[in-house]
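Student: Next comes the sequence, and after it the predicted model I'd like to discuss.
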Amino acid sequence: MAGTLTDTSSAPSLTNRPDKPVSWPSRLLWLLVTGIALAAYFSAKLDISALADFPAQAWKYLLLMFAPPNWGKLGEAFTAMVLSVQMAWIGTLLGIAVSFPLSFFAAAPLAPRWISWPLRGVFAVLRAVPEVVTAILILSVTGLTPFTGALALAVGSIGNLGKWGYETFEAVDRGPLEAVRSTGSGAVGLMRWGIWPSASAELLSLWLYRFEINVRASAILGLIGAGGIGKMLSDNVQFRNWDAVGMLLLVVIVVTMIIDQLSGAVRHRLIHGRWAVPFSTARRRPRSSKLPVEVPA
């Protein structure tokens, strides 16, 4: 038996792993990112010591706003919030009306590149411009009105919804497209029967999601005088009416949360085929099949 034993002292150990190869491009990239972050920090001249006073100052203003808030402003705040929601709704509808047909021509299966690529560039430019900047450009023509805010939200919506639209159309199953093409149908039939049935649920959910974004953005646009709850917030902050500011913030938070939850439930119904309970994070377990399962021998 002694002759059958082998000497394992010179064999390589299984626990000794080979050294990981050095990735110099990755290290250089991290060094570059770190250098940019440090340069931004020192060039901005941030005062980190001011963070030590932040908790005390935040607590002070929280007490001024919410201990207690000015409940007499509730009706006025709700009316202003309804105006902001109306701005968001009109802006979303205008964005859908313009972006929906254009997104078809930006999709690769439906249009040649000399049409689709310029449209994608237009969508990218519109997405790059913040709604506040767009509102400042528009107000020189329309003035400081809620319609200015709605138009600014519509321009931003065109950029986002256009991109989401052509990406959704390009992701549909190509089987129905080929089936519709084989019948000799034109572009309208291809859109109606080859793309829309497969993309409608996801696209409708994206429209609702953009409406949620516009509700938040409408409050920001009000800060520049476009009306709504943001205008009321700006006025009360300037006059240091902190109890009124607290009431306005409560209305913004509650209304925005309600819209988010209801919109999320509708989007869940469109995508998954069943309603989701608002204000609930619990997920329903899939129903078990009633059919017997064969176990292979």
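Tutor: Structure received.
Student: Going by C-alpha atoms from here, please, whenever you check contacts or count neighbours.
Tutor: Noted.
Student: Dump the C-alpha coordinates for stretch 194-201 into CSV.
Tutor: In CSV, the C-alpha atoms belonging to stretch 194-201 read as follows (Å, rounded to 0.1, in the frame of the first residue of the first chain):
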residue,chain,number,x,y,z
GLY,A,194,-48.6,45.3,-36.1
ILE,A,195,-47.4,47.7,-33.4
TRP,A,196,-50.1,49.3,-31.4
PRO,A,197,-51.7,46.1,-30.0
SER,A,198,-48.4,45.0,-28.6
ALA,A,199,-47.2,48.4,-27.4
SER,A,200,-50.4,50.0,-26.2
ALA,A,201,-50.3,48.9,-22.5
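Student: how about the helices in the stretch 1-150 of the chain?
Tutor: Under the criterion DSSP state H, counting those that start in this stretch, helices of the stretch 1-150 of the chain are mapped to 24-44, 54-66, 74-106, 113-128, 131-142, 146-170.
Student: Format the ones you listed as TSV; extra columns: mean pLDDT, mean neighbour count and distance to Gly194.
Tutor: Output for the helices of the stretch 1-150 of the chain, formatted as TSV (pLDDT from 0 to 100; neighbours: other Cα atoms under 10 Å; distance: least, Cα to Cα, whole Å):
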stretch	mean pLDDT	mean neighbour count	distance to Gly194
helix 24-44	85	11	44
helix 54-66	87	13	55
helix 74-106	91	21	12
helix 113-128	90	16	19
helix 131-142	85	17	34
helix 146-170	90	26	10
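Student: These: which one's closest to Ile195?
Tutor: Proximity to Ile195 (Cα to Cα) singles out helix 146-170 among these, at 6.4 Å.
Student: Which residues belonging to the next helix or strand after that closest one are considered buried?
Tutor: As assigned by DSSP states H and E, the chain's next helix or strand after helix 146-170 is helix 174-182. Neighbour-count burial for helix 174-182, counted by 16 or more other Cα atoms under 10 Å, picks out Pro176, Leu177, Val180.
Student: Would you mind putting those residues into JSON lines with distance to Gly227 alongside?
Tutor: Below are these laid out as JSON lines (distance: Cα to Cα, whole Å):
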{"residue": "Pro176", "distance to Gly227": "47"}
{"residue": "Leu177", "distance to Gly227": "46"}
{"residue": "Val180", "distance to Gly227": "48"}
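Student: What residues does Gly230 make contact with?
Tutor: Listed by Cα atoms under 8 Å, 6 or more residues apart in numbering, the contact partners of Gly230 are Ser218, Ala219, Ile220, Leu221, Gly222, Leu223.
Student: so what's the backbone phi/psi at Gly273?
Tutor: The phi and psi torsions at Gly273 (degrees, to the nearest 10) take the values phi 80, psi 10.
Student: So what's the residue count around it?
Tutor: Burial of Gly273 is recorded as 11 neighbouring residues (other Cα atoms under 10 Å).
Student: Now do it against Gly121, distance only.
Tutor: Using Cα to Cα, to the nearest Å, Gly273 is found at 35 Å from Gly121.
Student: how close does Arg120 get to Val133?
Tutor: The gap separating Arg120 from Val133 is 21 Å, by Cα to Cα.
Student: Kindly report the same for Ala106.
Tutor: Ala106 is 26 Å from Val133, where distance means Cα to Cα.
Student: circling back to that earlier point, closest to Leu94 among the buried residues of helix 174-182?
Tutor: Within the buried residues of helix 174-182, the smallest distance to Leu94 is 28.6 Å, found for Leu177 (Cα to Cα).
Student: so who does that closest one touch?
Tutor: By Cα under 8 Å, 6+ apart, the contact list for Leu177 reads Leu190, Gly194, Ile195.
Student: Can you select the buried ones among the residues you listed for me in PyMOL?
Tutor: The buried residues among these can be selected in PyMOL (16+ other Cα under 10 Å) with this line:
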select buried, resi 190+194+195
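Student: and which of the contacts of Leu177 is nearest to Gly91?
Tutor: Gly91 has its nearest neighbour among the contacts of Leu177 in Ile195, at 25.6 Å by Cα to Cα.
Student: what about stretch 70-81, distance to the chain center?
Tutor: 28 Å (Cα atoms, centre = their mean, to the nearest Å).
Student: same question, stretch 195-215
Tutor: Computed by Cα atoms, centre = their mean, the separation of stretch 195-215 from the middle of its chain amounts to 12 Å.
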